[in-house]
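# Can you look at this prediction? I've put the sequence above it.
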Amino acid sequence: MKYFLLTVAASTLVLAGCQSTSTIDNSAGRATVYEDTRSPGKVQGVGVESQDIMAVTDQMMRDMLSNPQLMNREVSPRIIIDSQYFTNESSSRINKNMLTDRLRINLNRAANGRLTFVGREYADMVEKERDLKRMGVVDGGTIRSTQATAGADFRLVGRIMSLDAMDAQSQERSRYHQITFELVDLELGTYVWSGMYEFKKSAQDDIMYR
Amino acid sequence: MKTRLALASALVLTLAACGTTTQNGYTGANPVQRTITNELNTIVFIDHNLNRTDITKTIFGEKVSNTVKVTLDRSGMSNTATGQLEVWTMIRNRTDYDLQIEGKALFFDANQAPLMDESMWRRVYVPANGTAIYKETSLNSQAEYFLVELREGR
């Protein structure tokens, strides 16, 4: 009887030992690291990335600031820069506001009053507050009251376009991006300034942009 | 005779190996560009693989070796119609293969104080043995000095 019990206990232990192989990968991951947003990072593909957004907006801003038609006016022109008429026709997934917001904010800071930016995106909000003021629900504020909100002289329009190519054998792909920026005269309908940024990337990647 | 020659050559090789000290206390392969101060209104290669001078002090004197992949043929600065400072340089590729160069400009005011006007990296494609232009403008008319840094495209 004793031998029988010992045999059972021994085989139980052996079998328990065999079960120690775990299928769960519990190894430590890579720690989070900050990366330079102006240069390609560790994870990169063929789409529009942070360094492209920063480079394109910086280039367009400097180009606009050195345009005499825009900057040498006696009265600073009023400009609308938002993504309303800025379309993404490319195969890259991107939030267009990242381009238009960065362009407007940096341009506003650099222009230092030489250009006036109209916030048409928030026109509803302004109208509601104006109505409350006019109805006497709230007082008139401390700055001034105007007949109407600001009309704009120019508005940004543009497109993000792309051309894709793929080698079916190697699965290597390339994407050429063309990003256009133009300012339209909102009375005459003419283009007063145009800028373009182009780049092409190729990779054998499986990067997903979200 | 053979033994003497072998000993003599071993001694020469040993002494030559000792002479790896380079400029300003750096040892190993440290180019001159690493230790010099960057003056304003200059264009510098921060990627020393593109253009550098190595000086190695040996018992036989200083050994100077130059690595030249890219050179700057001409450079200049001017003011735009809107008063901004514009800096440009003509980059020449001295190799037999295409290169991508990235440039970035920093601008300073009349007192050489930083204007916090630092451009983003602008990529310039230079074909093999060819030339390309890098140009950057400041954000406003306060800029009077610049410093341009060039590196190989990433």
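Done, it's in. Numbering: from 1, shown residues only, chains lettered A, B, ... in the order given.
# where exactly do the helices run in the chain?
Since no chain was named, I'll use chain A. Along chain A, counting by DSSP state H, helices occupy A:2-18, A:50-65, A:68-71, A:96-111, A:123-135.
# not what I meant, chain B
Using DSSP H, helices in chain B cover B:2-18, B:32-35.
# hey, least reliable of those by pLDDT?
The stretch with the lowest mean pLDDT among the helices of chain B is helix B:2-18, at a mean of 56.
# coming back round to it: who wins for proximity to A:Val184 among the helices of chain A?
Nearest to A:Val184 among the helices of chain A is helix A:68-71 (12.6 Å), distances taken as Cβ to Cβ. Where you see a C-beta, it was placed from the backbone N, CA and C, and this is true even at glycine.
# Give the buried residues for that closest one.
A:70-71 (16 or more other Cβ atoms under 10 Å in any protein chain shown).
# what's in contact with it?
Contact with helix A:68-71 is made by A:64-65, A:77, A:111, A:114-115, A:154, A:183, A:192-193, B:81-82, as judged by Cβ atoms under 8 Å, 6 or more residues apart in numbering or on different chains.
# chain center to that helix, what's the gap?
27 Å (Cα atoms, centre = their mean, to the nearest Å).
# Equivalent analysis for stretch B:49-67, please.
For stretch B:49-67, the distance to the chain centre is 14 Å (Cα atoms, centre = their mean).
# Of all the residues in stretch A:163-179, which ones are buried?
If you call a residue buried by 16+ other Cβ under 10 Å, then stretch A:163-179 has these buried ones: A:173, A:175-179.
# cool, stretch A:139-153 as well?
Result for stretch A:139-153 [16+ other Cβ under 10 Å]: buried residues A:152-153.
# And stretch A:105-123, by the same measure?
Per 16+ other Cβ under 10 Å, stretch A:105-123 contains these buried residues: A:106-108, A:110-111, A:114-115, A:117-118, A:120-121.
# out of those, which one sits closest to A:Thr100?
Closest approach to A:Thr100 among the buried residues of stretch A:105-123 (Cβ to Cβ): A:Glu121, at 9.5 Å.
# Wait, that closest one touches A:Asp82, no?
Yes. At 4.7 Å, A:Glu121 counts as touching A:Asp82 under the criterion of Cβ atoms under 8 Å.
# what residues does chain B put near chain A?
Counting by Cβ under 8 Å from any Cβ of the partner chain, chain B comes close to chain A at B:80-82, B:84, B:86, B:119-123, B:136-140, B:154.
# Got a quick PyMOL command for the buried subset of these?
To isolate the buried members of the residues of chain B next to chain A in PyMOL, using 16+ other Cβ under 10 Å:
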select buried, chain B and resi 80+82+84+86+119+120+121+122+123+136+137+138+139+140
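# Between all of the residues of chain B next to chain A, which two are separated the most?
Within the residues of chain B next to chain A, B:Ala81 and B:Arg154 form the most distant pair, 33.8 Å apart (Cβ to Cβ).
# and A:Leu107, what does it touch?
Each residue near A:Leu107 by Cβ under 8 Å, 6+ apart is listed here: A:61, A:64-65, A:81, A:115, A:117.
# contacts with chain B among those residues, please.
Counting by Cβ under 8 Å from any Cβ, A:61, A:65 from the contacts of A:Leu107 sit close to chain B.
# quick one: which of the contacts of A:Leu107 is nearest A:Leu99?
Using Cβ to Cβ, A:Ile81 is the member of those that lies nearest A:Leu99, at 9.8 Å.
# In CSV, list the contacts of A:Leu107 along with pLDDT.
CSV is the format used below for the contacts of A:Leu107 (pLDDT from 0 to 100):
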residue, pLDDT
A:Met61, 96
A:Met64, 95
A:Leu65, 95
A:Ile81, 97
A:Leu115, 95
A:Phe117, 97
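# Tell me the one of the contacts of A:Leu107 nearest A:Asn97?
Distance ranking of those against A:Asn97, using Cβ to Cβ, places A:Ile81 first at 10.7 Å.
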